[in-house]
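In: Need coordinates for the following:
(2 chains)
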Amino acid sequence: MFVGMVVAFVAISARLAFLQVGRANELEERGLDHRVSTAVLPAARGQILARDGERLALSTPAQDVYADPTMVTDPWGAASALSPLLGIDAPDLAEAMTVDTTFVYLARQVEPEVSDQLLDLRLPGIGFLDSTKRTYPAGPLAAQVLGFVGTDGVGLSGLELEYQDLLAGTPGERTNETGVSGQAIVGGVSVEREPVAGSSIVTTIDRELQYQAQIALAEAVEQEGAQGGCVIVMDPKTGEILVMANDPWFDPNTFAESPSATYRNRAVTDAFEPGSTNKVITAAAAIQERSLSLNQRLSVSWTMQVGDYVIHDSEPHGVMQMTLADIVSESSNIGAVHVANRVGAPTMSRYLARFGLGRPTGVGFPGESSGIVPPLSAWTDASLATIAYGQGLAATPFQMVSVYATIANDGRRVQPSFVRGTIGPDGRFVEHGATHSRHVVSSATAEMVTRMLAYAVEHGTGVNAKISGYQVAGKTGTSRIPTGDGSGYLTRQYIASFIGFLPARDPEVVIAVILDRPDAGYGGVVAAPLFRSVARAAITRLGIAPTDPLPLPPHALPVG
Amino acid sequence: MFGIVVLNVLLAQASFHIDEVERRIETLSAAQVDLVREQATLSAPGRIAHWASRHGMRLPDDIRILHASGRTGVDPAGADPSSAGGGAEAASP
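Out: Next up, the predicted model:
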């Protein structure tokens, strides 16, 4: 017996020595692994602010709720308790908690008040992860511009996507040595790398004006039976975009409930044949190149044969003697063709490029379309003619507003921008890079084109855009819509537009309104009134004072 | 030896206190974020417009702006010569 005890004692001692000495490091590491856990500390996502600093998008703390089905003792019981708090059907929750896995999400981005109540239930196998929830306090305001984020907090569209890296920040990490019940062990391992918060973006968007424009657009779409539309308001001197509204819209707080077709910022991503609004380029090219005298009268008939096609003005008329100003004011297609013939195809092609058509504006927005401008080598007999009055090429509403902004800014094209600057994690505001600008046409050319556009509003097709006390310069557009298969154009379906700026002398805003397939059709009838509504809102919001009117341009047609 | 034990106890107490303060900071930070969100929601133009509409206010049909610049040759916005002195409302810029 004594020998047996000695043998047992020796064996135990040997085993003890083996464990305490031979495997000491290994066992110590395993013990530490059990006690040490690392948690990711999410970085606070930067906010998106309006130009006045008001918040358009911000993130708030939230929790993701998960289950470890292997630890859930009563799936149905847990599901019944969780269901009323999470707003998820109990059968769905129960099913999730019976899946053969050790981790399954039950709910994402749950508000802290709810997760606190869930915590109090002390359900085995239910855990929580720190998360954030993105909120858009103004709802559908500028939704397509802001975009939205997914459940993982990653930008999926709009500025949220474009500036994902800037907004996201850098997650941190916390490593703790914890006891059995999860409490930190004093004096144990405790290492923390602080997260670096994302930077916030200060946009150029004017929140109040954006709202008014969205409401006016929605009313116009409904009133005119249109399928949608957009409104853009821009500062021609700085290129800052004050408003970019699209209809139909969606609420980014609940984007999954809206059709994905509503997510697109059509003002930037969709190109359309600009129609008569493109005549501003035809006119600018003719004036800059001195292709014809301003007093020169052209004989403008109602129809014209161009190659295999017969083109015509919108309304039948006899032969009229028209100056360039009359052609712009009355929006004569035939007149525009006469002018373009004097300008010539190579020059016309060059001016389209100089005004920025055929390439993205570089504003910094995902999915921006470059539009479609056929290369000069591909122009047919009819190309110069159709392009002169804005068909046979495609441009986005944003490209077109930039064209008019160039005219409004003394012929100088300013790089447009959505962003005024950024606010770093340290709270310091850093202004966006210096605005780039370049001359497209001379100041004299720009002024003459402006006088013609003012004439068009005062006495031509744009009279519905007049605003008492202010001289408005602008152009109507009524363009046909190509069929999807390239076989021609849709019948009796048009894009109605009006693009203009005010005051004509020293403009402070450029406004473009586009209505997609309104019942009435004509830009002067349906788009010009919408322009006027938005312009009035801009006058009040921005405190735009009237200026001395510019004189009428040389014209031949009598004015009323 | 006794001193080391006492020091350890004090450290532990301080650690618990720090934990509590950190939890309070987290709670207050979360409350601050909630308040910021609430302020942003309350100031949203759509909410204010809806509130105004429910209280009987509406946007004017026409806005006439008077500018006291003393300029000549420029008619005040919206004013016909025959309407001088009547009906024009001043709107704040």
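In: Give me the neighbour count for residue 54.
Out: Since no chain was named, I'll use chain A. Neighbour count of residue A:54, defined by other Cβ atoms under 10 Å in any protein chain shown: 18. For glycine as for every other residue, the C-beta is placed from the backbone atoms N, C-alpha and C.
In: other chain: chain B
Out: A count of nearby residues for residue B:54, using other Cβ under 10 Å, gives 8.
In: do the same with residue A:500
Out: Neighbour count of residue A:500, defined by other Cβ under 10 Å: 30.
In: ok so it is a helix residue?
Out: No: Residue A:500 is assigned strand when assessed by DSSP: H, G, I helix; E, B strand; the rest coil, not a helix.
In: in terms of contact, does residue A:81 touch residue A:124 like I think?
Out: No: here residue A:81 lies out of contact with residue A:124, judged by Cβ atoms under 8 Å, at a distance of 11.6 Å.
In: Closest residue of the stretch 51-200 of chain A to chain B?
Out: residue A:137 (3.6 Å; Cβ to the nearest Cβ).
In: That residue should be in a helix, yeah?
Out: No: counting by three-state DSSP, residue A:137 falls outside a helix, being coil.
In: quick one: contacts for the residue nearest to residue A:395 when sequence neighbours are not counted?
Out: Distances taken as Cβ to Cβ, 6 or more residues apart in numbering or on different chains place residue A:371 nearest to residue A:395, at 4.2 Å, with adjacent residues excluded. Contact analysis of residue A:371 by Cβ atoms under 8 Å, 6 or more residues apart in numbering or on different chains lists A:271, A:357-359, A:393-396, A:399.
In: re the thing from before, neighbour count: residue A:81 and residue A:124, which is higher?
Out: A count of neighbours by other Cβ under 10 Å puts residue A:81 above the other of residue A:81 and residue A:124, at 18 against 11.
In: circling back to that earlier point, any idea which element the closest residue to the residue of the stretch 51-200 of chain A closest to chain B other than its chain neighbours lies in?
Out: Counting by Cβ to Cβ, 6+ apart, residue B:40 is the residue found nearest to residue A:137 once chain neighbours are left out, at 3.6 Å. Per DSSP states H and E, residue B:40 falls inside helix B:2-42.
In: Following the chain past that helix, name the next helix or strand.
Out: Counting by DSSP H and E, the element after helix B:2-42 in chain order, helix or strand, is helix B:45-54.
In: related to what we said a few turns ago, now for the residue nearest to residue A:137, how many residues are close by?
Out: Residues lying near residue B:40 (other Cβ under 10 Å) number 21.
In: Give me the pLDDT value at it.
Out: Turning to residue B:40, the model gives it a pLDDT of 94.
In: Count the residues that sit near the residue of the stretch 51-200 of chain A closest to chain B.
Out: With other Cβ under 10 Å as criterion, residue A:137 counts 22.
In: so who does it touch?
Out: A:55-56, A:58, B:37, B:40-41, B:43-44.
In: Most neighbours among those, which one?
Out: Compared across the contacts of residue A:137, residue A:56 has the highest neighbour count, 25 neighbours, by other Cβ under 10 Å.
In: Can you name the residues bridging to the closest residue to that residue other than its chain neighbours?
Out: Computed as Cβ to Cβ, 6+ apart, the closest residue to residue A:56 that is not its neighbour in sequence is residue A:48, at 4.8 Å. For residue A:48, the beta-bridge partners under DSSP bridges are residue A:57, residue A:201.
In: Can you report how many residues neighbour residue A:48?
Out: Look at residue A:48: counted by other Cβ under 10 Å, it has 27 neighbours.
In: Distance check, residue A:359 against chain B.
Out: Separation of residue A:359 from chain B (Cβ to the nearest Cβ, to the nearest Å): 35 Å.
In: Just say helix, strand or coil for that residue.
Out: The three-state label given to residue A:359 by three-state DSSP is coil.
In: ok, now which ones touch it?
Out: A:353, A:370-371.
In: now do 10 Å
Out: Contact analysis of residue A:359 by Cβ atoms under 10 Å, 6 or more residues apart in numbering or on different chains lists A:353, A:368, A:370-371, A:373, A:399.
In: hang on, the earlier thing: spell out which residues are contacts of both of residue A:81 and residue A:124.
Out: residue A:74.
In: Rounded mean pLDDT for the helix or strand where residue A:347 lies, please.
Out: For residue A:347, the host element (DSSP H and E) is helix A:345-354. Averaging pLDDT along helix A:345-354 yields 97.
In: Roughly how far does residue A:443 sit from chain B?
Out: Here the criterion is Cβ to the nearest Cβ. By it, residue A:443 lies 23 Å from chain B.
In: Could you check how many residues crowd around that residue?
Out: Per other Cβ under 10 Å, the neighbour tally for residue A:443 reads 12.
In: from memory it sits against residue A:411, does it?
Out: Yes: contact between residue A:443 and residue A:411 holds when scored by Cβ atoms under 10 Å: they sit 5.5 Å apart.
In: For the nearest residue to residue A:274 once chain neighbours are set aside, grab the count of nearby residues.
Out: The spatially closest residue to residue A:274, leaving aside those adjacent along the chain, is residue A:390, at 4.4 Å (Cβ to Cβ, 6+ apart). Residues lying near residue A:390 (other Cβ under 10 Å) number 30.
In: Repeat that for residue B:5.
Out: Residue B:5: 9 neighbours (other Cβ under 10 Å).
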